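*Asks:* Build the 3D model from these lines:
(2 chains)
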There are 2 protein chains.
Amino acid sequence: MREAYHDQLDSIFDDLAGICRRVETAVGLATQALMSGDAAIAERVISEDVEIDLARERVEGSAFSLLSLQQPVATDLRTIVAALRMVSELERMGDLSVHVAKVARLRVPEIAVPEDIRPTVQRMATVAEDMVKRVREVIIGRDVEAAIALGRDDEEMDGLRRRSFAELLSDDWTHGVEAAVDVALLGRYYERIADHAVSIANRVVFVVTGHNPTALAEQ
Amino acid sequence: MREAYHDQLDSIFDDLAGICRRVETAVGLATQALMSGDAAIAERVISEDVEIDLARERVEGSAFSLLSLQQPVATDLRTIVAALRMVSELERMGDLSVHVAKVARLRVPEIAVPEDIRPTVQRMATVAEDMVKRVREVIIGRDVEAAIALGRDDEEMDGLRRRSFAELLSDDWTHGVEAAVDVALLGRYYERIADHAVSIANRVVFVVTGHNPTALAEQ
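*Replies:* Model (predicted):
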C-alpha cells in the first residue's frame, strides 16, 4: 500500500517535469515568434497553452486523491502541497509565454523588438528558457545544489532588466514609445518566468530538506 | 473535536480576510504615493509588506497543522487547500502594491504619471482597490453571488488597460518614453491585482459549491 502510494507521488513529480518541458518549449517558441515576427509560431504557443492547463488539472486531481485517500503526514504532506504550488507556478509560466507570443502576434509582420536592443532581449529569453530547463532537471533529480545555484543565476536576469531599461531610456533610443512599451513588458514577462523557476527550485529544496534555501544559506 | 476543528478552519478564513484588509491598505497607499509623489508613503508600503509575508506564514502554518493533525477529506480538504492558494495570491497582491510604490519612489519628487493620463490610471487603481475590498467581503461572507459579480467587473479593468495603451501610443503623447513605460508597467500591476482578486473569488465559489464559476455559468 505504502509502495503504491510512493509510486503515485513519484508519478506526480514526473508529471510536473513533463509540464515543465512543455513550458520550456512554449518559452522557446514564443521567443522565436518574437524575434522572427512569425504569426504561425505565435499562434501555436497560444493554442498549445490549453495542454498545460489540462496537465495542471490532472496533477491537481492526483494530488487531491492522494491527500484524501492516503491521509499523508509530515514529509509526504509537505511534498504534495509543494506539488500543488509548483503546478500553479508552471501554469503561470505557460501564461507568460502566451503573453510574449501575443506581443509578437500584435506586431506581425513587423518584429516587436528593435534591432539594437535584440541582443539584450534575446539574452533575457535565453536565460529564462535555460532556467526552465534547469528547474526541470531539479524536479527530476530532487537536486538541492542545482536548485540553490538556480537562485543565484536569477541575478543575471535582474542585470539584463536594468540594462534594457538603460537602453530604452537613453537618448539614443529612436524607436518611439510603442517599441519601448513592448520591450518593457517583454522584460517583465521573462523576469516573471525566471522568478517562478527560482520559486519552484526553492520548493524542491524545501521538499527534500525541510528547510527553505535562505535558512540553509544561513547555516 | 470536530467543532474545534471547524473553529480553526473559520479562524484561517478570518486571517485571510485580515491579510486582504492589509492588501487593500497597501493598494490604496501605493496609489496615494504614486499620485502625490510622496516618498514617505511609498516607503511605508514597501516596509509594511513584511507584515503580509509574516501573516501568510502564519496561515500556512495553521493550514499545515490542520492537514496533519485532522486528516480532513472532501469539503474540508478542499477548503484548506483553497486557503493555501488564496494566501499565496494575497501575498502576490502585496508584492504588486510594492511594485507600484517603487515606481512612485523612483520618480520622487516628480509624479510618475503625467497629468493627462492620471484619470485613467487613477480609475485602474480605484477598480483594483475596490475589487480587493469586495473580495474581502466575499471571503468573510462566503458569498457566491458577490464572487461571481466580481469576475464580471474585471472587464472594466481590461477596458481601462486598452484605453491607457491608446492614450500613450497616440500622437498626442508628449511625455516621452520613460513616462510611457511607467504607465504601461503600472497598468500591468493593477491588472494583476484585479486578476488575483477574481481568482480568489473563484476559489471561494469552489469552496462553497464544489464547482468552478464557469461550470456554474453553464448550468
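*Asks:* so what's A:L16 up against?
*Replies:* Residues near A:L16 by C-beta atoms under 8 Å, 6 or more residues apart in numbering or on different chains: A:59, A:83, A:86-87, A:90, A:139. The C-beta positions use only the backbone N, C-alpha and C, and glycine is treated the same way.
*Asks:* Save those residues as CSV, and put in secondary structure and neighbour count too.
*Replies:* What follows is the contacts of A:L16, written out as CSV (DSSP: H, G, I helix; E, B strand; the rest coil; neighbours: other C-beta atoms under 10 Å in any protein chain shown):
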residue, secondary structure, neighbour count
A:V59, helix, 23
A:A83, helix, 23
A:M86, helix, 25
A:V87, helix, 25
A:L90, helix, 28
A:I139, helix, 26
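*Asks:* what's the most distant pair in the residues you listed?
*Replies:* Based on C-beta to C-beta, the longest span within the contacts of A:L16 runs between A:V59 and A:I139 and measures 11.9 Å.
*Asks:* so where's chain A uncertain?
*Replies:* Within chain A, the stretches with pLDDT under 70 are A:1-2, A:214-219.
*Asks:* at 50 instead, please
*Replies:* Scanning chain A for pLDDT under 50 picks out the ranges A:219.
*Asks:* Would you mind listing what in it touches chain B?
*Replies:* Applying C-beta under 8 Å from any C-beta of the partner chain, one finds that chain A approaches chain B through A:64, A:67-68, A:71, A:73-74, A:77-78, A:81, A:84-85, A:88, A:165, A:168-169, A:173, A:176-178, A:180-181, A:184-185, A:188.
*Asks:* Mark which of those are buried, thanks.
*Replies:* A:64, A:67, A:71, A:77-78, A:81, A:84-85, A:88, A:165, A:168, A:173, A:177-178, A:180-181, A:184-185, A:188 (16 or more other C-beta atoms under 10 Å in any protein chain shown).
*Asks:* quick revisit: out of the contacts of A:L16, who's nearest B:I111?
*Replies:* A:L90 (38.6 Å).
*Asks:* so where does the closest residue to that closest one other than its chain neighbours fall, helix or strand?
*Replies:* Take A:L90 and drop its neighbours on the chain: the residue closest to it by C-beta to C-beta, 6 or more residues apart in numbering or on different chains is A:I19, 4.8 Å away. In this structure, A:I19 sits in helix A:2-36 according to DSSP states H and E.
*Asks:* Restricted to helices, list the buried ones among the residues of chain A next to chain B.
*Replies:* If you go by DSSP state H, those have A:64, A:67, A:77-78, A:81, A:84-85, A:88, A:165, A:168, A:177-178, A:180-181, A:184-185, A:188 in helices.
*Asks:* mind checking how far A:A128 is from A:A179?
*Replies:* 20 Å (C-beta to C-beta, to the nearest Å).
*Asks:* of those two, who's got more company?
*Replies:* A:A128 (30 against 20; other C-beta atoms under 10 Å in any protein chain shown).
*Asks:* Next up, the contacts around the more buried one.
*Replies:* By C-beta under 8 Å, 6+ apart, A:A128 lies in contact with A:27, A:157, A:190-191, A:193-194, A:197.
*Asks:* Please consider this matter closed, and thank you.
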